[in-house]
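**Q** here is the input, now give the coordinates:
(2 chains)
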There are 2 protein chains.
Amino acid sequence: MIDRLIEAIEAKKNPTVLGLDTRIEYFPEKFASGFDLTTFSGAADGIIAYNKALMDALFGTVPAVKIQLAYYEMYGLEGLRAFAETIGYAKKKGFVVMVDGKRNDIGATATAYAAAYLGETPLAGENARAFDADYLTVNPYLGSDGVLPFVEACKAQDKGIFVLVKTSNPSSGQLQDLVVEGESIYQRVGRLVVEWGKELIGKYGYSDVGAVVGATYPEQGAELRRLLPSVFFLVPGYGAQGGGGKELAGCFDGSGRGAIVNASRSLLCAYKKHGGDFDEAAFAEAKRMREDLAEAVALRRERS
Amino acid sequence: MIDRLIEAIEAKKNPTVLGLDTRIEYFPEKFASGFDLTTFSGAADGIIAYNKALMDALFGTVPAVKIQLAYYEMYGLEGLRAFAETIGYAKKKGFVVMVDGKRNDIGATATAYAAAYLGETPLAGENARAFDADYLTVNPYLGSDGVLPFVEACKAQDKGIFVLVKTSNPSSGQLQDLVVEGESIYQRVGRLVVEWGKELIGKYGYSDVGAVVGATYPEQGAELRRLLPSVFFLVPGYGAQGGGGKELAGCFDGSGRGAIVNASRSLLCAYKKHGGDFDEAAFAEAKRMREDLAEAVALRRERS
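**A** Predicted coordinates for the structure are as follows:
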């Protein structure tokens, strides 16, 4: 899967992932008026239409989408219908589909989560696919036996995961930056990520087992890039959370690979900045972001 | 919410939570034949019927249910229909309803998860409830700003959470047991749990913000019980995972309060041990477990 992701990024010359953290508060008035947003069902219909319009506008420019499960679970079963339909449409449009669920549990239960998002669920007779994304985010607090079932699914199904290493939020350091024997917890998790993914290295030297590394901590990003050369980064926190392009230079390698940067609100709500229709504004913002990231990559190349 | 949980436990004289980790492989042959288990829809119908029969058999004996989301997500949208219907039925039967989702994310997204399971989702006009459980399990890897939105929901909606402190799986120590400045990560998380929950202490001295402490680590359980007198424990790992009643004595306080012990497979599949119909077997096993835990509590009282 990592090779497919890298090739999709290179085909679009754009290491951006569109974060579909869609919620009805983001809809421009004109769009909102087309749906009954007083019900979960109407909200879900609106979210599906919004996501489809954004994907129609961006599939030529942006190689991947990341769907944040929380914003779909929040709208109940109807929200999860929107989630499933968004995955299906994203695959039809050729996006690499990441589900941001930060799932985690003990081994047997992690196997069930892996089945839900990356693999197959056993039924009487044949197995069947529940949500069937390409990537899932995973939380490492339970250690190896909580993560390896996801790695097994990656191996069996040619999928990928991104393990939380250093998250983008202000208090991420509270546990992740604690230092044990000269090494921070996030570095220790980074080393585990290398270990977990060492049998799944693709032709560009990166593994199907990647890491979440927040854009809001550029120094740690650059340090992790050096420490973990086989680990591809999913980088949240660009734009609305504060991280800018140049600060991200250190997340890329000398060939300009190694990371994909998520943008959610800055694309979903680009109309507030660029004006016009929300999908056209998202396209303008995606082009601006692509240029911004191209500068970051160029900067990184100069340094190497 | 913690007072309601404690009172429900005392009314049934049973600190047991029925873990509805239901999957079709657990169905006895006679039961399975009533459903088309080659489809997600038939599997979901079977799971609903199984859960309802278990709840009908146990509502007089067991005060709470814990629904493991992974086993419902695994069956896709149909599985989530079974999840929603199980919550509704459990509430109708008077169970305290815990959702085991181990959710976690940055602040804004944690707010969305809290809305989904503990609170209300904003719609145009009024708010609405998506899944509306009483308790949710939460993973602390992101630190305070990833947990406080759940605490806010507890406060606003009279709900509770259990934060992962020391999990029951074999590799839980890989990160959780690392020692920083003389204190393990799980102890540090435990201290944060006290801090997060300090404004939500009920009349028995326990907070709505509890902790997950695995039955498979009885020494750590006893140590945490001493360190965290205001933190109520959800204890997984009893039975199938290896923890027995007497080993759990240390998780309770001198009054026999302080913990609720989860049993999933040992109740779901009790018919394999006790024979007979699965619901009657679950009832027999629940009574045996209640006696086993009563011994643990008595042992704890003797020691205090």
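
**Q** CA only for contacts and neighbour counts going forward, please
**A** Will do.

**Q** need the contact partners of stretch A:219-236.
**A** A:162, A:166-168, A:187, A:190-191, A:193-194, A:201, A:205-215, A:248-253, A:258-263 (C-alpha atoms under 8 Å, 6 or more residues apart in numbering or on different chains).

**Q** and these, which of them are in strands?
**A** Using DSSP state E, the subset of those located in strands is A:162, A:166, A:209-213, A:259-263.

**Q** of those, buried ones?
**A** Buried subset of these (neighbour count, 16 or more other C-alpha atoms under 10 Å in any protein chain shown): A:162, A:166, A:209-213, A:259-263.

**Q** which one of those residues is nearest chain B?
**A** Set against chain B, the nearest of those by C-alpha to the nearest C-alpha is A:Lys166 (8.6 Å).

**Q** and the ones in strands among the contacts of stretch A:219-236, which two are furthest apart?
**A** Farthest-apart pair in the ones in strands among the contacts of stretch A:219-236 is A:Val209 and A:Ala263; separation 21.1 Å (C-alpha to C-alpha).

**Q** A:Pro218 contacts A:Glu247, correct?
**A** Yes. With contact defined as C-alpha atoms under 8 Å, A:Pro218 counts as touching A:Glu247 (5.8 Å).

**Q** spatially central residue in chain A, please.
**A** A:Lys66 (4.4 Å; C-alpha atoms, centre = their mean).

**Q** any idea how far chain B is from that residue?
**A** 14 Å (C-alpha to the nearest C-alpha, to the nearest Å).

**Q** helix, strand or coil: sort out that residue for me.
**A** strand (DSSP: H, G, I helix; E, B strand; the rest coil).

**Q** partners of it in the sheet?
**A** Beta-bridge pairing of A:Lys66 under DSSP bridges involves A:Gly19, A:Met98.

**Q** can you pull the contacts of it?
**A** A:Lys66 touches A:17-20, A:97-100, A:262, counting by C-alpha under 8 Å, 6+ apart.

**Q** and of these, the nearest to B:Leu178?
**A** Once C-alpha to C-alpha is applied, the member of the contacts of A:Lys66 that ends up nearest B:Leu178 is A:Asp100, at 27.2 Å.

**Q** wait, that closest one touches A:Val65, no?
**A** No. When contacts are counted by C-alpha under 8 Å, A:Asp100 is not listed as touching A:Val65 (10.0 Å).

**Q** the two: who's more crowded?
**A** Using other C-alpha atoms under 10 Å in any protein chain shown as the criterion, A:Asp100 and A:Val65 rank with A:Val65 on top: 26 against 21.

**Q** tally up the residues packed near the residue of the stretch 151-300 of chain A found nearest chain B, please.
**A** Minimum separation of the stretch 151-300 of chain A from chain B (C-alpha to the nearest C-alpha) falls at A:Ser172, amounting to 4.9 Å. The tally of other residues near A:Ser172 (other C-alpha under 10 Å) stands at 23.

**Q** give me the number of residues near the closest residue to it other than its chain neighbours?
**A** The shortest distance from A:Ser172 to any non-neighbouring residue, by C-alpha to C-alpha, 6 or more residues apart in numbering or on different chains, is to B:Leu142 (4.9 Å). The burial count assigned to B:Leu142 is 27, neighbours taken as other C-alpha under 10 Å.

**Q** what do you get for the one 3 residues further on?
**A** In terms of burial, B:Asp145 registers 19 neighbours under the definition other C-alpha under 10 Å.

**Q** mind listing the helices for the stretch 151-300 of chain A?
**A** A:173-176, A:185-196, A:218-227, A:265-268, A:271-274, A:278-303 (DSSP state H, counting those that start in this stretch).

**Q** pipe the contacts of A:Lys66 into a markdown table and attach pLDDT per row.
**A** As requested, those are exported to a markdown table (pLDDT from 0 to 100):
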| residue | pLDDT |
| --- | --- |
| A:Val17 | 98 |
| A:Leu18 | 98 |
| A:Gly19 | 98 |
| A:Leu20 | 98 |
| A:Val97 | 98 |
| A:Met98 | 98 |
| A:Val99 | 98 |
| A:Asp100 | 98 |
| A:Asn262 | 97 |
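
**Q** need these in CSV (columns: distance to B:Leu5).
**A** Output for those, formatted as CSV (distance: C-alpha to C-alpha, whole Å):
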residue, distance to B:Leu5
A:Val17, 43
A:Leu18, 42
A:Gly19, 39
A:Leu20, 37
A:Val97, 41
A:Met98, 38
A:Val99, 34
A:Asp100, 32
A:Asn262, 41
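
**Q** check those residues for burial and list the buried ones.
**A** A:17-20, A:97-100, A:262.

**Q** just the residues you listed now: which is nearest chain B?
**A** For these, the nearest to chain B is A:Asp100 (9.4 Å; C-alpha to the nearest C-alpha).
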